[in-house]
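Novice: here are the coordinates; sequence isn't available:
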């Protein structure tokens with residue numbers, strides 16, 4: 001039997017050594033971020049690929065890899081992969097569900113507090129020498145987080161983990177999801193399902209945690225932003241395309257919204273220039289999973305998915321492909 005070829009699109013410590021037992025491993029060098037041509041060059045004769053959520057495995061890349069039978073995405077979301085093209089080729093696709101729940105929920109909670117208490121502005125205030133006894137009260141006030149209403153759009157594992165953290169702040173939790181959870185789950189997380197319009201109207205903090213798809217593209221646009229309180233904050237911890245960044249900039253500039261925190265943006269890493277100019281926006285560079293333990297767990301699960309698939313087993317985290 002010909003030796004299988006495994007492509008690894010990002011340098012991941014220990015992965016080459018582990019996978020070399022199962023085939024010839026071709027890995028991108030440390031620090032490399034491959035463009036489309038680089039991905040095709042690496043993957044062109046691969047049987048399986050271990051990829052990262054930042055790598056675009058589109059129809060052109062898939063077409064250029066005639067032997068490819070398995071794509072293992074190191075991440076929960078998989079909108080970087082053309083699922084339709086994979087289905088047409090009967091290529092298995094896997095992801096890493098559950099691994100990032102705590103890290104992403106922690107980031108969402110931290111950004112909520114940073115927005116409400118104006119922590120970035122406080123840091124600038126101190127570093128610029130404005131903090132004196134005479135100016136002690138000139139910085140202004142922040143907003144409370146405790147006992148406020150949190151609206152979560154998307155109530156999967158991460159949304160539920162965030163709701164659990166919100167209980168520690170005595171927050172009222174509303175959620176909107178395509179498929180509401182059971183009454184028992186709602187009771188466990190002290191969360192109540194409602195329409196998107198009601199969630200937007202009643203929430204002090206709105207957190208997006210939905211996967212990106214054609215159905216969720218710009219789920220928050222100009223019309224939705226108009227339904228939010230002027231004192232409310234919007235946080236996108238999901239994918240850039242779920243928020244219309246241009247409409248968000250207009251709402252923030254007009255005072256229709258108090259502030260926003262964006263861990264992801266449309267066309268990232270390119271940020272809408274008007275958003276960059278606003279002091280009431282906090283940015284983070286898509287770091288929801290960026291902790292050592294979480295990243296190690298992501299790589300470990302993705303590696304196990306690949307080992308299962310390449311040895312003839314059904315990968316444990318196989319994504320159902322559309323008909």
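Specialist: Ah, there it is. Quick caveat, the model's predicted, so the values are computed rather than measured. Numbers count the residues shown, from 1 in each chain.

Novice: middle-most residue in the protein, spatially?
Specialist: residue 238 (3.8 Å; Cα atoms, centre = their mean).

Novice: what helix or strand does it sit in?
Specialist: Residue 238 is part of no helix or strand, with elements assigned from DSSP states H and E.

Novice: Over to the one 10 residues further on?
Specialist: Under DSSP H and E, the secondary-structure element containing residue 248 is helix 245-254.

Novice: For the next helix or strand after that helix, give me every contacting residue.
Specialist: Downstream of helix 245-254, the first helix or strand assigned by DSSP H and E is strand 259-262. Outside strand 259-262, the residues that touch it by Cβ atoms under 8 Å, 6 or more residues apart in numbering are 111-112, 114-115, 233-236, 243, 248, 252, 275, 280-284. For every residue, glycine as well, the C-beta is placed using N, CA and C.

Novice: Could you do stretch 54-61 as well?
Specialist: So stretch 54-61 is contacted by 9-10, 33-34, 36, 39-40, 43, 49, 51, 71, 80-82, 84-85 (Cβ under 8 Å, 6+ apart).

Novice: let's see 7 Å
Specialist: Identification of contacts with stretch 54-61 by Cβ atoms under 7 Å, 6 or more residues apart in numbering yields 9, 34, 36, 39-40, 43, 51, 71, 80-82, 85.

Novice: same deal with stretch 314-323?
Specialist: Counting by Cβ under 7 Å, 6+ apart, 78, 83-84, 86-87, 92-97, 301, 304-305, 308-309 sit against stretch 314-323.

Novice: Tell me how many other residues crowd the residue nearest to residue 215 when sequence neighbours are not counted.
Specialist: In space, and not counting its chain neighbours, residue 215 is closest to residue 178: 7.9 Å by Cβ to Cβ, 6 or more residues apart in numbering. Neighbourhood size, residue 178 [other Cβ atoms under 10 Å]: 9.

Novice: which residue ranges form the helices in the chain?
Specialist: 15-19, 36-43, 59-63, 83-88, 101-116, 119-127, 157-167, 183-189, 196-202, 222-226, 245-254, 273-276, 292-310 (DSSP state H).

Novice: would you turn those into TSV with mean neighbour count, distance to residue 4 and mean pLDDT?
Specialist: TSV is the format used below for the helices of the chain (neighbours: other Cβ atoms under 10 Å; distance: least, Cβ to Cβ, whole Å; pLDDT from 0 to 100):
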stretch	mean neighbour count	distance to residue 4	mean pLDDT
helix 15-19	17	10	95
helix 36-43	18	13	97
helix 59-63	17	18	98
helix 83-88	16	18	95
helix 101-116	21	32	98
helix 119-127	13	49	94
helix 157-167	22	32	98
helix 183-189	13	42	98
helix 196-202	17	46	99
helix 222-226	16	48	98
helix 245-254	18	42	98
helix 273-276	13	45	97
helix 292-310	19	6	97
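
Novice: Out of these, which is closest to residue 265?
Specialist: helix 245-254 (5.8 Å; Cβ to Cβ).

Novice: elements contacting the closest one?
Specialist: Contact partners of helix 245-254 among helices and strands, from 3 or more Cβ pairs under 7 Å, 6 or more residues apart in numbering; DSSP states H and E: helix 222-226, helix 273-276.

Novice: Now with 8 Å, please.
Specialist: helix 222-226, strand 259-262, helix 273-276 (3 or more Cβ pairs under 8 Å, 6 or more residues apart in numbering; DSSP states H and E).

Novice: So which of these is nearest residue 28?
Specialist: strand 259-262 (27.9 Å).

Novice: Now do the closest one, average pLDDT.
Specialist: Strand 259-262 shows a mean pLDDT of 99.

Novice: What strands line up against that strand, and which way round?
Specialist: Strand pairing for strand 259-262, determined by DSSP bridges: strand 233-236 (parallel), strand 281-283 (parallel).

Novice: Outline the domain layout of this protein.
Specialist: Per the TED database, the structural domains of the chain span 3-96+291-309, 100-281.

Novice: Could you export these as TSV, including distance to residue 321?
Specialist: TSV is the format used below for the domains of the chain (distance: least, Cβ to Cβ, whole Å):
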stretch	distance to residue 321
domain 3-96+291-309	4
domain 100-281	14
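
Novice: ok, the residue nearest to the centre of the chain to residue 66 distance?
Specialist: 34 Å (Cβ to Cβ, to the nearest Å).

Novice: End to end on stretch 17-35, go ahead and measure it.
Specialist: By Cα to Cα, to the nearest Å, the extent of stretch 17-35 from end to end equals 25 Å.

Novice: Contacts for it next, please.
Specialist: For stretch 17-35, contacts defined as Cβ under 8 Å, 6+ apart pick out 3-12, 15-16, 38, 42, 46-48, 50, 54-55, 303, 306-307, 310-311.
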